[in-house]
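Visitor: Below are the sequence and a predicted model; questions follow.
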Amino acid sequence: MGEVLFENWFGVLRVVIVGGLAFTGLILALRISGKRTLSKWNAFDFVVTIALGSTLATVLLSKDVRLAEGLTAFALLIALQFVITWIAVRSRKADRIIKSSPTLLLKRGAFIDDKMLATRVTESEVLAAVRASGSASLEDIEAVVLETDGSFSVVRSEKGHAPVALKDVDGYSE
């Protein structure tokens, strides 16, 4: 039973030293790569963030993974994310392949049932997003959009102003 809780001080010291170095290496790599690396704009960004955390945990706790391998894995994940987003920024076609499109769930107060069914979103979830936006009535809402990162955007109606922010949302036209 004793080995389950504590085996020796070497294991603890390894976690402290390797963990500190791996964490420092990850922070430096993230600072060099820029703010975009940890953004959550789409599922791909989310996967990179989870993979970085998983890699850090593996380096910390697995004696089979050396610090240099962990740092290389950090660099590889960040480099892949950088290259893919660099391509996506320069190619609309690549951007469409990498990212999902925003989905219009509600337009001018009316639910779009087929889109809600396809994205597995319920009316109560859309209504919760509307409430979170501070609106009390669907008549005040121009659109509710399920964004590429899985969050909801609620766009209020504004008299005399075209909703330019909705121009890239399929199914929306003035």
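Guide: Received the coordinates, thanks.
Visitor: okay, CA-based contacts and neighbour counts for the rest of this
Guide: Noted.
Visitor: Which residues are in contact with the residue lying closest to Glu147 once chain neighbours are set aside?
Guide: Counting by CA to CA, 6 or more residues apart in numbering, Glu147 lies nearest to Pro102, which is 4.6 Å off, once chain neighbours are set aside. The contact partners of Pro102, taken as CA atoms under 8 Å, 6 or more residues apart in numbering, are Val145, Leu146, Glu147, Thr148, Asp168, Val169, Asp170.
Visitor: List just the nearest of the residues you listed to Thr72.
Guide: Nearest to Thr72 out of the contacts of Pro102 is Thr148 (CA to CA; 29.2 Å).
Visitor: The closest one in helix, strand or coil?
Guide: Secondary structure for Thr148, judged by DSSP: H, G, I helix; E, B strand; the rest coil, is coil.
Visitor: hang on, isn't it packed against Leu104?
Guide: No - using CA atoms under 8 Å, Thr148 is not in contact with Leu104; the gap is 11.3 Å.
Visitor: tell me, what residue is most central in the chain?
Guide: Lys40 (2.7 Å; CA atoms, centre = their mean).
Visitor: who touches the nearest residue to that one once chain neighbours are set aside in this structure?
Guide: Leaving out its chain neighbours, the residue that sits closest to Lys40 by CA to CA, 6+ apart is Phe46, at 5.6 Å. Contact partners of Phe46, counting by CA under 8 Å, 6+ apart, are Leu38, Ser39, Lys40.
Visitor: wait, the second one sits on Asp45?
Guide: Yes - with contacts counted by CA under 8 Å, Ser39 reaches Asp45, the gap being 6.3 Å.
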